[in-house]
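missing the sequence, but the structure's below:
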Ligand code: HEM
């Protein structure tokens, strides 16, 4: 023992103590981490949890496909952990319905997603909860309904600009992403601001760029890292910092539009979403229970841009890609357009009822496109039981919409683009197990608008053009997964039909 003692000179003793302290600290943190990472009693099972990281998944694979693998192994309900976040993942129509519809009140909340919390500060619609959410949701749903009559004419008008913009390409290869995004964003601009923009307008371009990059960064690896380790990431530099800079600029832009609306507000003519909201602020002035104020107007307007543009534009991009890949299906859609609408007038929503094939193709695009593969996370507002497992209050729920769209027990050819899935004796066939817009209290409030845009933009484009791969180009269904599952950039030729 003496010998040992002499090996450590006095000057090294300090260092020894520091090393011992560090080891003790690390062991202590690992024990805390281990305790936190243990699954509570009767919690849904799942893969082994490792210190710090939690569940190990192959990050080279898209998350929704990794979740499909775990469903095959653990069944329709299991749990995973990423960093500090625990998720219960539910799959299959029955299980998703059990959670979102039968236990609608229990799973009506959103979890605290650090990035969304930071930018929305609990306001708006997509990330708010409780009284604020209920008030905003009621207002957004009622307003979208009340202006629904004018959706159609707005989308028809915009489809003329979109057709014109594609005509400019003169049948040469081009990437349709930018034109489609401009058209779809213009619909949200018309609804919220009351006006559309020229596709080349520099303010509009800036708005689109800021929105697209913000969405991309929120859904990126950096965004996920921020959500998993917010306390550390908050202090670090990185590309995700752009999210906050962009958000400031977007807020400034919308604040300017709100100020202009306040100057021109005519109570008798409530043309757009901002007008309706400003009137609601007036109505509830002095009511301490009301959350109708300008900060909330700002957040809920930006909410509509974030939720209503990328999703719908992605669906239209998938639709054109599928048509170019399956010319026979495209031809059948065009035959139906020619028979029901002809070449001389614009498509209307009334035509939809008489166009079962086109309707079936668009549903199949939403199924195969699988645009929001894992839904948007929910959180339990109370302790509950799902499939016999205990799910405590505050648990985050991930709903695998992918598992429903590709369920082998439901779809005849789940992995093939096949409009027959939605047809029966030549008529459109409604399928129960088809939830591209999710279900329950927080199901997509923009579904009707999205369906109007999909139908009118798609039929207007196929009325005028045939979409084809550029010569010597092989198109593919490769995709990128950020907040939506979208096709990798591709080029098409829009050949005029007459
Ligand atoms: C093809 C297009 C679209 C798809 C596939 C889609 C899908 C979804 C899904 C899966 C959710 C999550 C619902 C849940 O938590 O269960 C959602 C939420 C939402 N969507 Fe859509 N959506 C689309 C278009 C739109 C449009 C055009 C708007 C805007 C008018 C919109 C506004 C919203 C909002 C505000 C929420 C959050 C609702 C809440 O938290 O209460 N979406 N959408």
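Yep, that arrived. Given the structure is predicted, the values throughout are model-derived calculations rather than measurements. Numbers count the residues shown, from 1 in each chain.

Helix, strand or coil: sort out residue 198 for me.
coil (DSSP: H, G, I helix; E, B strand; the rest coil).

part of a helix, is residue 493?
No: read with three-state DSSP, residue 493 is strand and lies in no helix.

Contacts only, for it.
By C-beta atoms under 8 Å, 6 or more residues apart in numbering, the contact set of residue 493 is 169, 171, 172, 173, 174, 467, 468, 469, 470. In this view, the C-beta of every residue, glycine as well, is placed from N, C-alpha and C.

Going by distance to residue 59, which of those wins?
When those are ranked by distance to residue 59 (C-beta to C-beta), residue 469 comes first, at 31.6 Å.

neighbours of whichever residue of the stretch 151-300 of the chain sits closest to the ligand, just the number please.
Of all residues in the stretch 151-300 of the chain, residue 188 sits closest to the ligand, at 6.8 Å by C-beta to the nearest ligand atom. Residue 188 sits with 23 neighbouring residues when counted by other C-beta atoms under 10 Å.

Same question for residue 417.
Residue 417 has 18 neighbours, counted by other C-beta under 10 Å.

and the nearest residue to it once chain neighbours are set aside, what does it touch?
With C-beta to C-beta, 6 or more residues apart in numbering as the criterion, residue 417 has its nearest non-adjacent residue at 5.2 Å, and that residue is residue 368. By C-beta under 8 Å, 6+ apart, the residues touching residue 368 are 318, 322, 405, 417.

Up against the ligand, what does the protein have?
Along the chain, the residues adjacent to the ligand under the rule C-beta under 6 Å from any ligand atom are 125-126, 137, 303-304, 307-308, 311-312, 315, 371-372, 375-376, 378, 436-438, 442-446, 449-450.

Which among these count as buried?
The neighbour count (16 or more other C-beta atoms under 10 Å) marks 125-126, 137, 303-304, 307-308, 311-312, 315, 371-372, 375-376, 378, 436-438, 442, 444-446, 449-450 as buried among the residues of the chain next to the ligand.

Mind pulling up the pLDDT for the residue nearest to residue 417?
Listed pLDDT for residue 368 reads 98.

go on, residue 221?
83.

do the same with residue 271
pLDDT for residue 271: 78.

Return the residues in contact with whichever residue of the chain sits closest to the ligand.
Nearest residue of the chain to the ligand (C-beta to the nearest ligand atom) works out as residue 446 at 2.1 Å. Counting by C-beta under 8 Å, 6+ apart, residue 446 makes contact with 144, 304, 307, 308, 311, 312.

CSV please, covering the residues you listed and showing distance to residue 102, pLDDT and secondary structure.
Compiled in CSV, those are given as follows (distance: C-beta to C-beta, whole Å; pLDDT from 0 to 100; DSSP: H, G, I helix; E, B strand; the rest coil):
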residue, distance to residue 102, pLDDT, secondary structure
144, 26, 88, helix
304, 29, 93, helix
307, 25, 92, helix
308, 28, 92, helix
311, 26, 95, helix
312, 29, 97, helix
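
who's in contact with residue 327?
The neighbours of residue 327, taking C-beta under 8 Å, 6+ apart as the test, are 466, 468.

List the ones among the contacts of residue 493 that fall in strands.
In this view, these that belong to strands under DSSP state E are 467, 468.

State the pair within the contacts of residue 493 that is farthest apart.
169 and 469 (14.4 Å).

burial count for residue 117?
Neighbour number of residue 117 under other C-beta under 10 Å is 16.

Next: residue 366.
Residue 366 is flanked by 21 other residues according to other C-beta under 10 Å.

ok but it is inside a helix, no?
Yes: secondary structure of residue 366 (three-state DSSP): part of a helix.

Which residue, other than its chain neighbours, is closest to it?
Leaving aside its sequence neighbours, residue 366 sits nearest to residue 436 (C-beta to C-beta, 6+ apart; 4.2 Å).

how near is residue 159 to residue 452?
Note on residue 159: its distance to residue 452, by C-beta to C-beta, to the nearest Å, is 11 Å.

Tell me which of those two has more neighbours.
A count of neighbours by other C-beta under 10 Å puts residue 159 above the other of residue 159 and residue 452, at 23 against 20.

Show me which residues of the helix or strand encompassing that one are buried.
Counting by DSSP states H and E, the element that carries residue 159 is helix 148-167. Within helix 148-167, the residues that count as buried by 16+ other C-beta under 10 Å are 151, 152, 154, 155, 156, 158, 159, 161, 162, 163, 165, 166.

between those, which is nearest residue 386?
residue 151 (36.9 Å).

quick one: contacts for the nearest residue to the closest one once chain neighbours are set aside?
Closest residue to residue 151 in three dimensions, ignoring its sequence neighbours and counting by C-beta to C-beta, 6+ apart: residue 452, at 5.0 Å. Contact analysis of residue 452 by C-beta under 8 Å, 6+ apart lists 148, 151, 152, 155, 349.

Would you agree the second one is in contact with residue 450?
Going back to what we said before, that points to residue 151. No: using C-beta atoms under 8 Å, residue 151 is not in contact with residue 450; the gap is 10.2 Å.

ok, residue 175 - contacts?
489, 490, 491, 492.

pLDDT and neighbour count for those - can I get that in CSV?
Shown next, in CSV, are those (pLDDT from 0 to 100; neighbours: other C-beta atoms under 10 Å):
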residue, pLDDT, neighbour count
489, 95, 11
490, 97, 20
491, 97, 15
492, 97, 23
